[in-house]
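Participant: kindly return the folded structure for what I paste below:
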Amino acid sequence: MNRNRLLMGVLFALVVALATSAFVYRQFKQIASAPRAVAMQNIVVAAAPMQLGTLLDPTKLRLIPWPAGQPMDGMYTKIEDCVNRALITSVAENEPILKSKLASADSGAGLPATIPQGMRAISVAVNDVIGVAGFVTPGTMVDILVTGQSVGAGSSGATVTRTILENVRVLAAGQKIEQDRDGKPQTVPVITVLVDPESAGKLTMASVQGKIQLALRNTVDTKTTNPPAILQSAVFSSGEVFAAPKPVVLAPRRVAAAPPPAAVLPPPPYAVEVITGDKRETKSFPNK
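Facilitator: Numbers count the residues shown, from 1 in each chain. Below is the predicted model of the structure:
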């Protein structure tokens, strides 16, 4: 009897131990599978799309949560740190405002704030063809070509097209008002590009002395190719090589020999009949 009670007690203890182990295992599994809380912080983003040169104020910015363990280089966590500073690049809605996208606090607003130190912004008049049919927009990269007369020692004065600037950034594409020859205002499209001082001089000379043309390029294509100049004759010549006509050799014409001059015969002598008595005779006398 005591032995049966002891056996029952052991079995009961085993059942309780198994149940407890199962409960503890389920609790640990739930804890391990439960998502961990992620520490968050606020970062400053654009409240709406903005163009380069825009002066920031609190109405153009807002805060969104961001994982504190994944910071971005140059990010801001307070709106007041970005106020009264201009954008040097365009931003989209909810795009983080980074230090690399802002001009210095004393740079002001507008286009001047987007010009890095040592660089220049220069505008040139264009038309729809030169402006690549409207595809030249702020932020695009272009090559600038000029067509004009070649000059200098040994130059023949031929028309030539040359690439003078490569991989130039377009800062602005817009219009300006100018007067025509009659003094009436007219709308002239212009583009503003970012160049160094030397390139600014080249572009000015090209726009005054020749005709400029823009070539749109991929923004990730930064390779300088330095293409050769193209002469007008290389474009408008037919490219066909014609053999020089062979001279026509005529057979010498045979001229009939002139007949020998006819012999000049002396005039016939005078004939005189002489009658002497009953005798007749004819005597000849030369006719000189």
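Participant: alpha carbons only for contacts and neighbour counts from here, please
Facilitator: OK.
Participant: can you count the residues close to V151?
Facilitator: Neighbours of V151 under the rule other Cα atoms under 10 Å: 11.
Participant: helix, strand or coil for it?
Facilitator: On the three-state scheme (DSSP: H, G, I helix; E, B strand; the rest coil), V151 is labelled coil.
Participant: in contact with it, which residues?
Facilitator: Residues counted as contacts of V151 (Cα atoms under 8 Å, 6 or more residues apart in numbering) are G157.
Participant: can you tell me how far it is from T159?
Facilitator: Distance of V151 to T159, given as Cα to Cα, to the nearest Å: 10 Å.
Participant: cool, N84 as well?
Facilitator: 51 Å.
Participant: same deal with V45?
Facilitator: Distance from V45 to T159, by Cα to Cα: 53 Å.
Participant: burial measure for E273, as a count.
Facilitator: By the measure other Cα under 10 Å, the count of residues near E273 is 11.
Participant: with N127 instead?
Facilitator: With other Cα under 10 Å as criterion, N127 counts 14.
Participant: hmm, back to that, compare N84 and T159 (neighbour count), which wins?
Facilitator: The residue with more neighbours, out of N84 and T159, is N84; 19 against 14, by other Cα under 10 Å.
Participant: need phi/psi at that one.
Facilitator: Note on N84: its backbone torsions stand at phi 70, psi 30 [degrees, to the nearest 10].
Participant: for the stretch 1-150 of the chain, what spans make up the helices?
Facilitator: Secondary structure of the stretch 1-150 of the chain (DSSP state H, counting those that start in this stretch): helices located at 2-33.
Participant: low pLDDT regions in it?
Facilitator: Applying pLDDT under 70 to the stretch 1-150 of the chain flags the ranges 1-7, 9-10, 31-36, 108, 128-134.
Participant: if we use 90, what do you get?
Facilitator: Scanning the stretch 1-150 of the chain for pLDDT under 90 picks out 1-40, 51-55, 68-71, 84-91, 100-119, 121-141, 148-150.
Participant: strands along that one, start to end?
Facilitator: Taking DSSP state E, counting those that start in this stretch as the test, the strands found in the stretch 1-150 of the chain are 40-46, 61-67, 120-125, 141-149.
Participant: these into TSV, with extra columns for distance to A215 and mean neighbour count?
Facilitator: Formatted as TSV, the strands of the stretch 1-150 of the chain follow (distance: least, Cα to Cα, whole Å; neighbours: other Cα atoms under 10 Å):
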stretch	distance to A215	mean neighbour count
strand 40-46	32	19
strand 61-67	36	16
strand 120-125	15	18
strand 141-149	5	20
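Participant: I'd like those as TSV, with distance to P227 appended.
Facilitator: Shown next, in TSV, are those (distance: least, Cα to Cα, whole Å):
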stretch	distance to P227
strand 40-46	42
strand 61-67	45
strand 120-125	23
strand 141-149	10
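Participant: check N167 and give its pLDDT.
Facilitator: N167 is assigned 91 on the pLDDT scale.
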